[in-house]
Structure formats: C-alpha cells, structure tokens
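>>> Structure, please.
(one chain, ligands or ions: 1)
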Amino acid sequence: MNKYVLYGYGESVASNQVRLALSEKNITYDYNLVKLESTGEHLRDDYKKLNPKTLVPTLTVNGNPICESLDIMKFIDNEHPDQGKSLFPDESETFNDLLDFLFLDDSKELGASFGSTGGGISVPVLGRLLCKRSLLSVFMDYYKNHGVKKRKFIFLMVRIFRGPPPGLYEKMMYFLAKHLVYTENYLNHGKEFIYGDKYTAADCLLTVLLHRVNEMRFYDVFDGKILPNISKYWSMVSSRPSYKEAIIDYETGEWKPELVALYGDGANTFSGLLENNINNILNKEN
Ligand SMILES: N[C@@H](CCC(=O)N[C@@H](CS)C(=O)NCC(=O)O)C(=O)O
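Below is the predicted model:
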C-alpha cells in the first residue's frame, strides 16, 4: 500500500483542490503544513528539494514527490480507479478545456483564467501576511529562493504596496466578472455538476475557486440574484462532506484576522465594482 504525505497550506487554492480530490476519493494521508507568506517556509532548502518551484501542494508517494496539483489528482485517480469518485471521466478536448480554465497554472498571467484569478483576488490578504516580515527579509528570501521567476517580482511589489499595486485589483474585478459569467453560462446546461451529471476533478477545482470568492467576501455572487446557476451550484458543493473535511477543517487561522482587518464584518470593498462588471458583461450578451 502506498504511503501518502501531503505538503500544503490551509488557505491555498491548489492545496484545497488536492485535499478535496483526496477526500472525494476517500484517500487517507499524512499532512505537513507549509506556511507561505507569513514565514516563507516554502522557500527553505528542505522544501525546495521536494518542490523546485517552491509551490504548494506536493504529494510524496512512498517518499517520491509529485508537484503539480492536477498531476497529483490524476495520479490518485489512476492508482485508485474503483475508490470514491472517478475524477477524470474522459480525455476529451471539452473536458481538458474546462480543466484548463479552472486550473491554477502558474505560467499564466494573473487573471488569464479563472484559476489564476483565484490567486489575483487573494492579494490583499497576501500583502498583509507578507507584512509580518521586514521588506528586506522578504526581498532576500523571494529574490534568492523563489522557484518561479515572475513571482519574485510580484510578491516584492505586493510587500512594498502592502497589498495589490495600484490598478491590479480593479483589473482582477474585470477578470473575475468575466470568468464568473462564463461559469454561469456553462451551468446553463442544467446538470448538477459542472461537467454534467457526475462529480469530476473540474468540480474540485471550481468548488475551491468559489470558496475563495466567498472567503474574499464577494457575497453578491452567491445571493442568487445575478448569477442564479452559480448560487445553486455553490449551495450544493459546499454542502458535500468533502467541503468541510478538506477545506474548512484545514484552515490555518492566519487568514481570518486579516480579512477582519481589511473588511470588518462587511463585504469586500470592491464588491460594487465586481457587480457592475458582471452586469455590464451580462447586458452586452443580451
Ligand atoms: N500549478 C501549481 C500552482 C501552485 C500554486 O501556485 N500554489 C500557491 C498556493 S495556491 C503557492 O504555492 N504560492 C506561494 C508562492 O508562490 O510563493 C499547482 O497547481 O500545483
């Protein structure tokens, strides 16, 4: 029997997606928390040996690392075809395009797909967590050790501006609106899950992205008024036992106080802009 150890962070999109897949497949594993912006544990040599890009998650299988979240999910699905949900039902272009849209591809620009927008809308919190460290130590650590070249610069900017650099969040509100409307239209198929009648890896990816939208307090997205399909889908996926087991139960507690510091007990201050963008896109379509 394989021994699985997952290295991840609670409030990480890609880690949540893998934990959700493991939960839906009923796979047990040991877990190692790797802290990100607040301490930079992922940039240390011992972790970099496992994951040269210095990203989470990593799954080790009998000591051998697999780094990319989608590769981890595919490996698990292949190893355990008869256990839990079958996450990769086919290899069609339609399914792969959907995964591409939802996957956090670190080679894509922030906002280019729904997956990379999940990172983009998190920047206010990431900025506050980075500010737990001095500018100099963030600069040295990211510059010297980060395994993805363009992220060295992005994180440094986010530390300097203590959050999104000017204009970035406005841009993210446009991209997020666009990807939400695309998802809403996709769900017009009227089926229960995003790829049809069966739960798949695409649901693992989408559930986590919607969780991030909710966590960043864009509550209007879920109230059923502007995006009714997404609202219905969200109620269903967030009621699955895997949602609590893989996402809520793994929260580190680092994000909640930062969200309170940013927004008190209210909605994201950019919610109005997001809603305007969604309405503009919907109006153009009609
Ligand atoms: N394509 C990668 C992306 C992983 C990724 O971007 N992970 C983020 C957390 S969601 C991370 O490690 N961020 C820390 C950093 O870039 O310093 C995957 O899907 O595994």
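>>> and L282, how many neighbours?
Burial of L282 is recorded as 15 neighbouring residues (other C-beta atoms under 10 Å). Just so you know, the C-beta spots here come from the backbone N, C-alpha and C atoms, and that holds for glycine as well.
>>> Let me fix that, I meant to ask about L136.
Residues within reach of L136, counting by other C-beta under 10 Å, total 8.
>>> Name the helix or strand for L99, please.
Element membership for L99, per DSSP states H and E: helix 93-102.
>>> Contacts for that helix, please.
The contact list for helix 93-102 (C-beta atoms under 8 Å, 6 or more residues apart in numbering) reads 70, 88-89, 113-115, 179, 182, 186, 194-195, 200-202, 205-206, 209.
>>> Can you pull the domain assignment for the chain?
Here the domain parsing of the chain from automatic domain parsing is 4-79, 93-285.
>>> ok, back up a step: ok, and which of the contacts of helix 93-102 reach the ligand?
When C-beta under 6 Å from any ligand atom is applied, no member of the contacts of helix 93-102 is adjacent to the ligand.
>>> These, buried ones only, as a ChimeraX selection?
Selection of buried members from the contacts of helix 93-102 for ChimeraX, criterion 16 or more other C-beta atoms under 10 Å:
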select :70,88,89,113,114,115,179,186,194,195,200,201,202,205,206,209
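>>> Which of the contacts of helix 93-102 fall in strands?
Among these, no member falls in strands (criterion: DSSP state E).
>>> In helices, which of the contacts of helix 93-102 fall?
70, 114-115, 179, 182, 186, 201-202, 205-206, 209 (DSSP state H).
>>> Write out the residues of the protein neighbouring the ligand.
Residues of the chain lying near the ligand (C-beta under 6 Å from any ligand atom): 12-14, 36, 42, 55-56, 68-69, 104-106, 146, 151.
>>> So which of those residues wins on neighbours?
S69 (30 neighbours).
>>> Spatially nearest residue to it (excluding sequence neighbours)?
A14 (4.2 Å; C-beta to C-beta, 6 or more residues apart in numbering).
>>> and that neighbour, what does it touch?
55-57, 69, 104.
>>> Among those, which are located in strands?
Reading strands off the contacts of A14, I find no matches (DSSP E).
>>> Can you lay out those as a markdown table showing pLDDT?
Below are the contacts of A14 laid out as a markdown table (pLDDT from 0 to 100):
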| residue | pLDDT |
| --- | --- |
| L55 | 98 |
| V56 | 98 |
| P57 | 98 |
| S69 | 98 |
| L104 | 97 |
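>>> Identify the residues contacting R133.
So R133 contacts 38-40, 141, 159 (C-beta under 8 Å, 6+ apart).
>>> Which members of those residues are the farthest-apart pair?
Greatest spacing in the contacts of R133, by C-beta to C-beta: T39 and R159 (13.6 Å).
>>> more crowded one of these two?
The neighbour count for T39 versus R159, taken as other C-beta under 10 Å, is higher for R159 (22 against 15).
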